[in-house]
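K.L.:
predicted model and sequence follow; I will ask about them next.
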Amino acid sequence: MSLTVLDPTHETIAAGFELAPRLASLEGKVVGFISNGKEGTKGFFGHLERALREEQSVADVVYRVKSSYSAPADPHIMEEARTWDAVISGIGD
């Protein structure tokens, strides 16, 4: 009997990146939520949006859902995310 081991990673070599500078405040900022589309993100993001609006005075919250829960965010979502001040990505498992 043989055993096959699969590699679940999406990229063969992950691209490097630099962390964005920390925001001093979320007041007046636009926060984007990127969901994997599973049911569990709806309640969590709804609660988080209320907290951000009431406690942090964010200007707006934008919701986007990936076309596939198991793949990276779609290029058009990533391009739009450049216009947001902060991004929260979540899974609903």
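P.N.:
All right, it came through fine. Residues are numbered from 1 along each chain as shown.

K.L.:
so for residue 12, what's the pLDDT?
P.N.:
If you check residue 12, the pLDDT there is 68.

K.L.:
show me the contacts for the nearest residue to residue 39 once chain neighbours are set aside.
P.N.:
In space, and not counting its chain neighbours, residue 39 is closest to residue 92: 5.6 Å by CB to CB, 6 or more residues apart in numbering. Quick note: C-beta positions are derived from backbone N, CA and C, even for glycine. Contact analysis of residue 92 by CB atoms under 8 Å, 6 or more residues apart in numbering lists 35-42, 44.

K.L.:
mind checking which of those residues are buried?
P.N.:
Listed as buried from the contacts of residue 92 are 35-36, 41; burial here means 16 or more other CB atoms under 10 Å.

K.L.:
quick one: name whatever helix or strand follows the longest helix along the chain.
P.N.:
When the chain is parsed with DSSP state H, its longest helix is helix 40-56. Following helix 40-56 in sequence order, the next helix or strand is strand 60-65 (DSSP states H and E).

K.L.:
okay, now residue 34: neighbour count?
P.N.:
Using other CB atoms under 10 Å, residue 34 is surrounded by 24 other residues.

K.L.:
should've said residue 89
P.N.:
The number of residues packed near residue 89 is 15, by other CB under 10 Å.

K.L.:
leaving out the residues flanking it, which one is nearest to it?
P.N.:
Using CB to CB, 6+ apart, the closest residue to residue 89 is residue 34 (4.5 Å).

K.L.:
the one you found and residue 23, how far apart?
P.N.:
As for residue 34, its distance to residue 23 is 17 Å (criterion: CB to CB, to the nearest Å).

K.L.:
ditto for residue 92
P.N.:
Taking CB to CB, one finds residue 92 at 25 Å from residue 23.

K.L.:
any idea how far residue 30 is from the nearest residue to residue 74 once chain neighbours are set aside?
P.N.:
Closest residue in space to residue 74, ignoring its immediate chain neighbours: residue 67 at 5.4 Å, by CB to CB, 6+ apart. The gap separating residue 67 from residue 30 is 22 Å, by CB to CB.

K.L.:
repeat for residue 62
P.N.:
The gap separating residue 62 from residue 30 is 6 Å, by CB to CB.
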